[in-house]
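S.K.: Let's see this in three dimensions:
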Amino acid sequence: MTNILDRDYSQFKISLGVPSSVSKYGAKWRLAFVHIYCSRAFLSKCKHPHSMLPKAVPVKCPSFTALSIKGNDLPNTSTFNVDTAELTSLVKERNLKGIHKLGGVEAVALALETDISAGISGDPEDVSRRQRAFSFNTYKRPPSKSLFHFVVEAFKDLTILILLGCAAMSLGFGIKEHGISDGWYDGGSIFVAVFLVIAVSSLSNFRQSRQFEKLSRVSGNIQVEVVRNSRRQQVSIFEIVVGDIVCLKIGDQVPADGLFLDGHSLWVDESSMTGESDHVEVNLSSNPFLVSGTKVADGYARMIVTSVGMNTMWGEMMSSINRDETEQTPLQARLNKLTSSIGKVGLAVAFLVLVVLLVRYFTGTTKDENGNPEFVSGVSTTDDIVNGVVGIVAAAVTIIVVAIPEGLPLAVTLTLAYSMKRMMADQAMVRKLSACETMGSATTICTDKTGTLTLNQMKVTKFWVGDDSVTDTGYASVSKSILDLFRKGVALNTTGSVFRASSGTEFEFSGSPTEKAILSWAVLELNMDMEKERQKNTILQVEAFNSQKKRSGVLLRSKADGSIHIHWKGAAEMVLSMCSSYHDASGTLRNLDGDGTRKIENVIRGMAAMSLRCIAFAHKETSEAQLKEDGLTLLGLIGIKDPCRPGVKGAVEACQEAGVTIKMITGDNVFTAKAIATECGILRPGQDESTGAVLEGLEFRNYTPEERLAKVEKIRVMARSSPFDKLLMVQCLKQKGHVVAVTGDGTNDAPALKEADIGLSMGIQGTEVAKESSDIVILDDNFGSVATVLRWGRCVYNNIQKFIQFQLTVNVAALVVNFVAAVSSGDVPLTAVQLLWVNLIMDTLGALALATERPTRELMEKPPVGRTAPLITNIMWRNIAAQAAYQIAVLLTLQFRGESIFSVSTEVNRTLIFNAFVLCQVFNEFNARKLENKNVFEGIHRNKLFIGIIFITIVLQAVMVEFLKKFADTERLTWGQWGVCIGIGVISWPIGFIVKFIPVPERPIGSYLKLLRKKFVSKNGAI
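M.R.: Numbers count the residues shown, from 1 in each chain. The predicted structure follows:
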């Protein structure tokens, strides 16, 4: 211990005060304190050997840290010299005085055992220790909705309640009249059927809720860049611990509460916490507080984490928010309107049936099975009358249940849930349910270039100094002073970093793809030592890169001679316009006159024509500490190659064949943009500036609103565009009636992503602001995945249309048959239980079978639906009319002539009607698979779920007919009778095939009805 105490710990210059009140056993306490402190200091040096380096020496803290020592807590005390509550309150209360009292941000870092240069060690033991001491970076989520919650919600449906009331009355009167052994069938069967419907819908909604929660967890798992053990690395936001040093840049979400360490021009959007839209500047002197959940609007910085999870304001707020995943999509809203309209028709029919049956009953026209009147005035008892009326009311209510297509919302839920799951596997994470269906109507896709159409694997392939190609002549031909300026400009004007574990290992580069390409080139080709360059200079001012200015700059002072230098880099044309001179390869300074400018511009055009991104570097030595933007000297140009993604041309062509226009909006210059667009197939031969297909953002911005609307549809490529130009284009296209999808990855893309009908953000390069503003996240940043989303969107819309056609056919047939039979004979051929069974097949099994069809090739061969197309097309009306007419004709024939045709009893005939009706729906499900295609069996072998559901439906129908006689009110059928029913059902196939040869007008039927109503209204108004 003596040797340890004799060591030089001058670098830990912290005045440690022990309360003066400690007098008893004072010497022992002081000795214990020295032992603890020195042991911790020694362990700290062992754990963090890099902290022995001069760069890692902690700054002297002018204040002191008081320790409260309690003997009974010593064995279990935390090794961190800081109180968690006090640490948490620093940011929550924005306690600047508290930070100064502790000795500044560096003292807080020291107390958290964090090296401000190298970060925490990051080994599992250290991370686990910090999590035990300060908790995890997660928050308590509100309890999930249980299955019971959805069951209760299902019971709130008015129709279900009415049906349950009728079932209860039917059960009561049935037991009273026939005894419990035989009297429970009617009421009990209705109960069973209703509970089945409730169970299926509840389970479906419950599973959808669970899926949303799962997607929410995935979308919340943000990757954050931290410094651990001197190395920048990506970790999950849930793995952030107190003491971590987090690197922030434009668009990042602040992952936890913390304090500003260092950085430049950091502005934060705190609207998510405070509601104030103005951005707040964060700096070391007056406002070092960074709050979890806020977004970086500009600049870059490093922060030290002081609180995580439930100890942050964001964690407290999020734990109290109960996200409601029951958002109603536009298609669901339209279907609810359709359901309401059909329900009104069903209600009217049911009321007519009720009136007719009641009149027939009380006039003695209704006969029982023996041919006697069911009601005889003065003879029938009250129980008989009530029982008869309950049966009539139950039949009428059942007609309402069948008439209301409750399966439509369920079908939407099923198909959206299924498509969301499949899209996740296809690299598209749906954040908003409505985007699934809206994407199917998209007419225009505005896409970025970098990373979406290209691989985002950038490499410097060209290097020019003046008009000399260094790539061809070699680096030895370039003046040493020029290369030195390049090294300085790259090392200090960047948000990236270089890490090398040891001299024998490979370099690791971090930052944006462009930054990594430049750093890699400078280190490997120019032999740049980033750390040495940073040590030689002091950064005075920084202007971070943003997508509007397309350049970044740094003002620095040399430590050697105190000279002040300005370095800029960015888009070649932008930087060139700031320069008045340039260097040639020998280092000679030349004026950028007309001839010199033309030479440089030709170099830029040449690289752009090769699909290279052209970056320019400029420099100026100045006497003023001001980051100027003029009078610079051009150092040179580099060309960065970013090859097109394999398969992107095919994806673009697939979208174009589907009638969807692709527009490329990029920040690159017009020559690079044209080259890439031509390579990807966006630009066709003959499309260029002269035809209006290619233009720059500035030109588009300067158009009058009328000019923009007139020219926007011709545009295929917009180069040198800003996020505002992208927003303008989206607004113009929407005004022209287009359904617009937009891709975006930057913070400034957020307005365009929100304005678009479908916002598509990039999962890899996209900022958190862009992701939160989008509807769908493309996880692999690939345009091929955008085309896949388009296919799935059309599939969702098409599947819903299939189910609508299937369901409306059943609704129309059931309503007409029951109404005609009731009015003419007073007898409803299909009982309550039978109609509920049909309803169950339609609502659940039919929805499941048709909602899970996968995208087909012909979906991408049709033009987009657009914004105003009717949900039920003329083709669907034709198919519905043909199948419903056939079913009505067959069933009414069986109703009035079935007994004589087949020489069967009334009970068997009713069973034949029920069985034929159900089998007609089963075979019509095949017709519903293809709305237009005549071959309804195409691809059926790939949909095993559809085949399985058809098989299950037939088996259950056989059980209903053959084994549930009392429950379903059926009689067993012979093989011949089964053959007749199957034959009746099979005939729907040739009818479906033949009817598709009948042409239909392109103009929707609804438009004719609107026109007639308009004429009628105007005629009445004239009168």
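
S.K.: Please make it C-alpha for all contacts and neighbour counts, starting now.
M.R.: Noted.

S.K.: which element is L161 on?
M.R.: Under DSSP states H and E, the secondary-structure element containing L161 is helix 158-183.

S.K.: Can you name every helix or strand that that helix contacts?
M.R.: Using 3 or more CA pairs under 8 Å, 6 or more residues apart in numbering; DSSP states H and E as the contact criterion, the elements in contact with helix 158-183 are helix 185-220, helix 382-403.

S.K.: So for that helix, mean pLDDT?
M.R.: Average pLDDT, helix 158-183: 75.

S.K.: Please apply the same query to stretch 995-1007.
M.R.: Stretch 995-1007 comes out with an average pLDDT of 82.

S.K.: Using neighbour counts, pick out the buried residues of that stretch.
M.R.: Burial within stretch 995-1007, assessed by neighbour count using 16 or more other CA atoms under 10 Å, is assigned to V995, K996, P1004.

S.K.: Apart from its chain neighbours, what residue comes closest to the last one?
M.R.: Taking CA to CA, 6 or more residues apart in numbering, and ignoring the residues beside it in sequence, P1004 has N874 as its nearest neighbour in space, at 6.0 Å.

S.K.: per-residue pLDDT, the one you found?
M.R.: According to the model's per-residue confidence, N874 sits at a pLDDT of 90.

S.K.: For it, list the residues it contacts.
M.R.: The contact partners of N874, by CA atoms under 8 Å, 6 or more residues apart in numbering, come to V1000, P1001, E1002, P1004, I1005.

S.K.: List just the nearest of the residues you listed to P829.
M.R.: I1005 (32.5 Å; CA to CA).

S.K.: check contacts around the closest one.
M.R.: T873, N874.

S.K.: ok, back up a step: distance check, the residue nearest to P1004 against I998.
M.R.: For N874, the distance to I998 equals 11 Å [CA to CA, to the nearest Å].

S.K.: Wait, a helix at L416?
M.R.: Yes - the assignment for L416, made by DSSP: H, G, I helix; E, B strand; the rest coil, places it in a helix.

S.K.: how much space between it and E437?
M.R.: Here the distance between L416 and E437 works out to 8 Å (CA to CA).

S.K.: shared neighbours of the two, anything?
M.R.: Between them, L416 and E437 have V796 as joint contacts when contacts are counted by CA under 8 Å, 6+ apart.

S.K.: V376: neighbour count?
M.R.: Here the neighbour count serves as a burial measure; for V376 (other CA atoms under 10 Å) it reads 14.

S.K.: Excluding covalently adjacent residues, which one is nearest to G659?
M.R.: With CA to CA, 6+ apart as the criterion, G659 has its nearest non-adjacent residue at 4.8 Å, and that residue is P863.

S.K.: Let's verify the one you found: helix, strand, or coil?
M.R.: Using three-state DSSP, the structure places P863 in coil.

S.K.: I'd assumed T661 was in contact with it.
M.R.: No - taking contact to mean CA atoms under 8 Å, the distance of 10.7 Å between P863 and T661 leaves them out of contact.

S.K.: higher neighbour count, these two?
M.R.: The neighbour count for P863 versus T661, taken as other CA under 10 Å, is higher for T661 (21 against 16).

S.K.: Quick check: that one vs C655, distance?
M.R.: Counting by CA to CA, the gap from T661 to C655 is 7 Å.

S.K.: Could you do T868 as well?
M.R.: Look at T868 and C655: by CA to CA, they are 20 Å apart.

S.K.: Pick out whichever of these two has more residues nearby.
M.R.: Remark: of T868 and C655, C655 carries more neighbours, 26 against 10, as counted by other CA under 10 Å.

S.K.: Could you tell me which residues make contact with the more buried one?
M.R.: Taking CA under 8 Å, 6+ apart as the test, what C655 contacts is T661, I662, A787, M860.

S.K.: Which of those residues sits closest to D278?
M.R.: Lowest distance from D278 to the contacts of C655 (CA to CA) belongs to I662, with 35.5 Å.

S.K.: Would you double-check that the closest one falls in a strand?
M.R.: Yes - judged by three-state DSSP, I662 forms part of a strand.

S.K.: quick one: contacts for it?
M.R.: By CA under 8 Å, 6+ apart, I662 lies in contact with T444, I445, C446, T447, V652, C655, Q656, I682, R716.

S.K.: 6 Å instead?
M.R.: I445 (CA atoms under 6 Å, 6 or more residues apart in numbering).

S.K.: which strand residues sit across from it in the sheet?
M.R.: When bridges are called by DSSP bridges, I662 pairs up with I445.

S.K.: For V670, give me the pLDDT.
M.R.: V670 is given a pLDDT of 89.

S.K.: tally of neighbours for it?
M.R.: If you count neighbours by other CA under 10 Å, V670 ends up with 23.

S.K.: Surely it touches S721?
M.R.: No - proximity of V670 to S721 does not meet the contact threshold set by CA atoms under 6 Å, at 9.8 Å.

S.K.: So S586, which state does it fall into?
M.R.: Secondary structure of S586, reduced to three states by three-state DSSP: coil.

S.K.: Find the nearest non-adjacent residue to it, please.
M.R.: With CA to CA, 6+ apart as the measure, S479 is the residue that lies nearest to S586, at 5.0 Å, once sequence neighbours are left out.

S.K.: ok, that neighbour to L416 distance?
M.R.: In this structure, S479 lies at 63 Å from L416, with CA to CA as the measure.

S.K.: Give me the more crowded residue out of those two.
M.R.: The residue with more neighbours, out of S479 and L416, is L416; 27 against 16, by other CA under 10 Å.

S.K.: What's the separation between the more buried one and G466?
M.R.: 57 Å.

S.K.: Ok, I950 next?
M.R.: Using CA to CA, one obtains 74 Å as the distance from I950 to G466.

S.K.: same question, V241
M.R.: From V241 over to G466 the distance is 49 Å, taken as CA to CA.

S.K.: more crowded one of these two?
M.R.: V241 (29 against 26).

S.K.: Now do stretch 798-807, average pLDDT.
M.R.: Here the average pLDDT along stretch 798-807 is 88.

S.K.: Next: stretch 363-376.
M.R.: Average pLDDT, stretch 363-376: 76.

S.K.: about what we covered before: distance to A756 and pLDDT for the contacts of C655 - can I get that in a markdown table?
M.R.: Compiled in a markdown table, these are given as follows (distance: CA to CA, whole Å; pLDDT from 0 to 100):
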| residue | distance to A756 | pLDDT |
| --- | --- | --- |
| T661 | 15 | 94 |
| I662 | 14 | 94 |
| A787 | 17 | 88 |
| M860 | 22 | 87 |
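
S.K.: just the residues you listed now: which is nearest F545?
M.R.: Of all the contacts of C655, I662 has the smallest distance to F545: 27.9 Å, by CA to CA.
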